[in-house]
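In: What follows is a protein structure lacking sequence information:
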């Protein structure tokens, strides 16, 4: 069992924080990377009720700020949160979309080692300053470049390989598979509609609405176009700007002071081989299952003990695969379970009450910290958006790249 707990968290609003001049095409940054990082950091410190001078170290997770906005060496930006943070150790982590969960894990290791008492963890990304083709290129750099990115493989195409592998392995008809993916997408939009910080609050909330968007208009265009078969536009998560932050402290200290705290009961960090072409199969998240096994063992729980989970639905197929990797469905059954109405707010175990990456948004470097912040808020009884029916044990499953970096965290209410 981990010896660290979260005692404060903050999530900025997620969205598109740029303004484009339609005449010139010039972009104006309406909330900068620097603004987002500082807002999240200050918010988490205030939420934890810790004096800034008592923060011993800062870890910043960010995927690719140099490519998105020409800024490298981003960890020292945390010194702008408060003057007393100057001279503190600050470190950036990068593991694609799991960058800030890995930052959290590094903070946990520092606390457990006794080196630090209070650590600030920040996840941040600003993606919308780039046009879509350039943004797609930056993200593709998180794939295996020689065999994937350089050959035009985008992330929708990489996860489409998982979708095709899963459909073939379990012999699912095209119609059934489409309904499964649409059901997952609609659930995300339905939950996200109640999340005040979500990027998309007005997405289609039914399978029928998503089907209707597939129809071609008089110009031959569809509002739910095929992106990488079988994945359509509404199977893909959003391109978002945003940040989130956490404060981590020793569990013994959190318990002693009677703080609102959430124990990091177990973590599992498992890494898959980077190229998809060398993996044994493309119908399951093998490293994700390994991460879940490690996290559950460390926490002393099984999948049956989980009350709710935030999972990495970068694409709807990955929500299905993640649900199985966490053991919430049997292999090959998660899609059918979603069709049967499982994993809603009324179910024994709810998935993505925040709306997930699909609706809440996906500022890649911030996503992991955000998932943990939202689970933390549920567990202390201050949910952002939909409230879990039961919130004693929550799980976050954050993925980096094409299901390469897999991070599963079991969190449990402490006080």
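Out: On my side now, so go ahead. Predicted model, so just to flag it, every value in this text is computed and none were measured.
In: okay, now residue 215: neighbour count?
Out: 10 (other Cβ atoms under 10 Å). No exception for glycine: its C-beta is placed from N, CA and C like everyone else's.
In: Show me the contact partners of stretch 123-136.
Out: Applying Cβ atoms under 8 Å, 6 or more residues apart in numbering, the set of residues contacting stretch 123-136 from outside is 16-18, 27, 29, 32-33, 36-37, 40, 60-63, 65, 68-69, 74, 99-100, 103, 138, 154-155, 239-245, 363-370.
In: Can you give me the buried ones in the longest helix seen in the chain?
Out: Ranked by residue count and defined by DSSP state H, the top helix of the chain is helix 174-192. Neighbour counts over helix 174-192 (16 or more other Cβ atoms under 10 Å) mark 177-192 as buried.
In: for stretch 189-203, same thing?
Out: Applying 16+ other Cβ under 10 Å to stretch 189-203 flags 189-195, 197-201, 203 as buried.
In: swap in stretch 120-132?
Out: By neighbour count on 16+ other Cβ under 10 Å, the buried set for stretch 120-132 is 120-130.
In: Same list, those residues, but as CSV with distance to residue 357 please.
Out: Converted to CSV, these look like this (distance: Cβ to Cβ, whole Å):
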residue, distance to residue 357
120, 24
121, 19
122, 19
123, 13
124, 16
125, 12
126, 17
127, 13
128, 15
129, 20
130, 19
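In: Which residue is the nearest non-sequential neighbour of residue 369?
Out: Spatial nearest neighbour of residue 369, excluding adjacent residues (Cβ to Cβ, 6 or more residues apart in numbering): residue 123 at 3.2 Å.
In: And the one you found, how close does it get to residue 37?
Out: Distance, residue 123 to residue 37, by Cβ to Cβ, to the nearest Å: 9 Å.
In: Nearest the middle, which residue of the chain would you pick?
Out: Centroid check for the chain by Cα atoms, centre = their mean gives residue 367 as the closest residue, at 3.7 Å.
In: residue contacts, that one?
Out: Taking Cβ under 8 Å, 6+ apart, we find residue 367 in contact with 97-98, 100, 123, 312, 357, 398.
In: Could you rerun that using 10 Å?
Out: Shown in contact with residue 367 (Cβ atoms under 10 Å, 6 or more residues apart in numbering): 14, 61, 63, 96-101, 123, 125, 237, 240, 242, 244, 310, 312, 314, 356-357, 360-361, 396, 398-400.
In: same question, residue 264
Out: By Cβ under 10 Å, 6+ apart, residue 264 lies in contact with 1-6, 104-105, 107-108, 111-112, 246, 248, 251, 295, 298-299, 372, 376, 409-412, 414.
In: And it, its phi and psi?
Out: The phi and psi values for residue 264, taken as degrees, to the nearest 10, are phi -80, psi 90.
In: Quick check, pLDDT for the nearest residue to residue 300 once chain neighbours are set aside.
Out: Distances taken as Cβ to Cβ, 6+ apart place residue 1 nearest to residue 300, at 7.0 Å, with adjacent residues excluded. pLDDT recorded at residue 1 is 70.
In: So the nearest residue to residue 311 once chain neighbours are set aside versus residue 159, what's the distance?
Out: Excluding the flanking residues, the one nearest residue 311 by Cβ to Cβ, 6+ apart is residue 322, at 3.9 Å. Going from residue 322 to residue 159 by Cβ to Cβ gives 12 Å.
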